[in-house]
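> Build the 3D model from these lines:
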Amino acid sequence: MGENNTVGFNGDDVNNFDGKAFGELYRRMYPTLKKYAIYLVKDVEEAQLILNDVFIAIWKNNTRISNEKAYLFRAVKNASTNYHKVSRINFLHLEEEELPDILDETADPAQLYLDKDRNRILYSLIDQMPERRRLVFYLFRIDGFSYKEIAALLDISVRTVEDHLVKGFQFLQERVLKNEAEFR
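This is a model prediction of the structure:
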């Protein structure tokens, strides 16, 4: 099938989902998409789960695809981005549950409490950023992605990544200076 063929349907009968075409699409695209998903989520098992979810959604919804490569790569990218969001939310949720910490005998308990409180304030400030800037910021500062990796992941230029980060740091600096007493 060519890049612009309609996949998943048999001929002109749009209501008749073609399982054979779907199977061919799966066999042809899965290896490439798997490598892409592994690149995005850095975990083989999670990448396979993401791909399975994407293909299951296509099958369940009888999705009509006119440009299969673009559609599938975008679907995997979106699912991977959602994976990162869920991972971060679960991480923040675990942090809020007050899991038992490893005790540091040398640490001052009051200082530990202040540090934790500062981090909570900082995360709330980051969450006030526009969505795209916040995502770039988290990918860079929290997940450790490079500018180039973020640009590839979000399908934007490296310059745009730099711009988002500069504006994000400026935003945080302004907010921290306004709330300076809370960060002392």
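
> in this protein, which ranges drop under the pLDDT threshold?
Applying pLDDT under 70 to the chain flags residues 1-17, 84-115, 181-184.

> In terms of helices and strands, where is the spatially most central residue of it?
By Cα atoms, centre = their mean, the mean C-alpha position of the chain lies nearest to residue 81, the distance being 2.1 Å. Assigned by DSSP states H and E, residue 81 belongs to helix 68-96.

> mind giving me the domain split of this structure?
9-81, 104-183 (automatic domain parsing).

> In three-state terms, label residue 63 for me.
Assigned by DSSP: H, G, I helix; E, B strand; the rest coil, the conformation of residue 63 is coil.

> And for it, the neighbour number?
Residue 63 has 17 neighbours, counted by other Cβ atoms under 10 Å. Placement of C-beta: from N, CA and C, glycine included.

> quick one, which of the domains of the chain is packed in tightest?
With neighbours defined as mean count of other Cβ atoms under 10 Å, the domains of the chain peak in mean count at domain 9-81, which reaches a mean of 15.

> Look up how far residue 39 lies from the nearest residue to residue 55 once chain neighbours are set aside.
Counting by Cβ to Cβ, 6 or more residues apart in numbering, residue 26 is the residue found nearest to residue 55 once chain neighbours are left out, at 5.8 Å. Using Cβ to Cβ, to the nearest Å, we find residue 26 at a distance of 20 Å from residue 39.

> can you check residue 158 too?
Relative to residue 39, residue 158 is positioned 17 Å away (Cβ to Cβ).

> Pull the helix or strand encompassing residue 30 out as PDB, backbone CA atoms only.
Assigned by DSSP H and E, residue 30 falls within helix 19-41. Below are the C-alpha coordinates for helix 19-41, written out as PDB (Å, rounded to 0.1, in the frame of the first residue of the first chain):
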ATOM      1  CA  GLY A  19      -8.800  -7.100   8.700                       C
ATOM      2  CA  LYS A  20      -6.400  -8.200   6.100                       C
ATOM      3  CA  ALA A  21      -5.300  -4.600   5.300                       C
ATOM      4  CA  PHE A  22      -5.000  -3.900   9.000                       C
ATOM      5  CA  GLY A  23      -2.800  -7.000   9.500                       C
ATOM      6  CA  GLU A  24      -0.600  -5.900   6.600                       C
ATOM      7  CA  LEU A  25      -0.300  -2.400   8.100                       C
ATOM      8  CA  TYR A  26       0.600  -3.800  11.500                       C
ATOM      9  CA  ARG A  27       3.300  -6.100  10.100                       C
ATOM     10  CA  ARG A  28       4.700  -3.400   7.900                       C
ATOM     11  CA  MET A  29       4.800  -0.500  10.400                       C
ATOM     12  CA  TYR A  30       5.200  -2.100  13.800                       C
ATOM     13  CA  PRO A  31       9.100  -2.500  13.700                       C
ATOM     14  CA  THR A  32       9.700   1.100  12.700                       C
ATOM     15  CA  LEU A  33       7.100   2.500  15.100                       C
ATOM     16  CA  LYS A  34       8.600   0.300  17.900                       C
ATOM     17  CA  LYS A  35      12.000   1.900  17.400                       C
ATOM     18  CA  TYR A  36      10.400   5.300  17.500                       C
ATOM     19  CA  ALA A  37       8.400   4.600  20.600                       C
ATOM     20  CA  ILE A  38      11.500   3.200  22.400                       C
ATOM     21  CA  TYR A  39      13.300   6.400  21.500                       C
ATOM     22  CA  LEU A  40      10.400   8.500  22.900                       C
ATOM     23  CA  VAL A  41       9.800   6.600  26.200                       C
END
